[in-house]
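Colleague: A predicted structure for the sequence below; I have some questions about it.
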Amino acid sequence: MNPLTVMPTPLDHVMKSKNAVLAFSGLVTAAVAWSFWGGDMFPANAQTDPIGDPATWTREELRRWLAARNLYPDPRDTDKQLLERVQANMR
């Protein structure tokens, strides 16, 4: 009598389950695909910096420019205050 067939381990029981094997291979495939494309396929922040004269930017563009530089604007700031902060922090 073969000792491997007498006492199956919990790992043996898991490997008999086709769903577990398919789920694991799906996770591995997803991880490999993500590493190949390096996350560029699904960018976290698709918005770019506004271009041109900051005086012509919208309120949301001014706020986005400041937030991208960790200069989080106060929601109560006026457009003029936002513009002044942007101009003071431009290089």
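Modeller: Looks like it arrived, so ask away.
Colleague: Quick check: mean pLDDT of the helix or strand encompassing Ala30?
Modeller: For Ala30, the host element (DSSP states H and E) is helix 18-37. With pLDDT averaged residue by residue, helix 18-37 scores 86.
Colleague: and for that helix, what are the contacting residues?
Modeller: The contact list for helix 18-37 (C-beta atoms under 8 Å, 6 or more residues apart in numbering) reads 14-15. The C-beta positions use only the backbone N, C-alpha and C, and glycine is treated the same way.
Colleague: Recalculate using a threshold of 6 Å.
Modeller: Residues external to helix 18-37 that are found in contact with it (C-beta atoms under 6 Å, 6 or more residues apart in numbering): Val14.
Colleague: Kindly report the same for stretch 79-88.
Modeller: 54, 59, 62, 65, 73.
Colleague: Reformat these as TSV; add neighbour count, distance to Trp34 and secondary structure.
Modeller: Compiled in TSV, the contacts of stretch 79-88 are given as follows (neighbours: other C-beta atoms under 10 Å; distance: C-beta to C-beta, whole Å; DSSP: H, G, I helix; E, B strand; the rest coil):
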residue	neighbour count	distance to Trp34	secondary structure
Pro54	17	37	helix
Arg59	13	36	helix
Leu62	23	34	helix
Trp65	20	30	helix
Pro73	17	34	coil
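Colleague: Rebuild the residues you listed as TSV, extending it with pLDDT and distance to Pro10.
Modeller: Formatted as TSV, the contacts of stretch 79-88 follow (pLDDT from 0 to 100; distance: C-beta to C-beta, whole Å):
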residue	pLDDT	distance to Pro10
Pro54	92	63
Arg59	93	59
Leu62	93	59
Trp65	91	55
Pro73	87	55
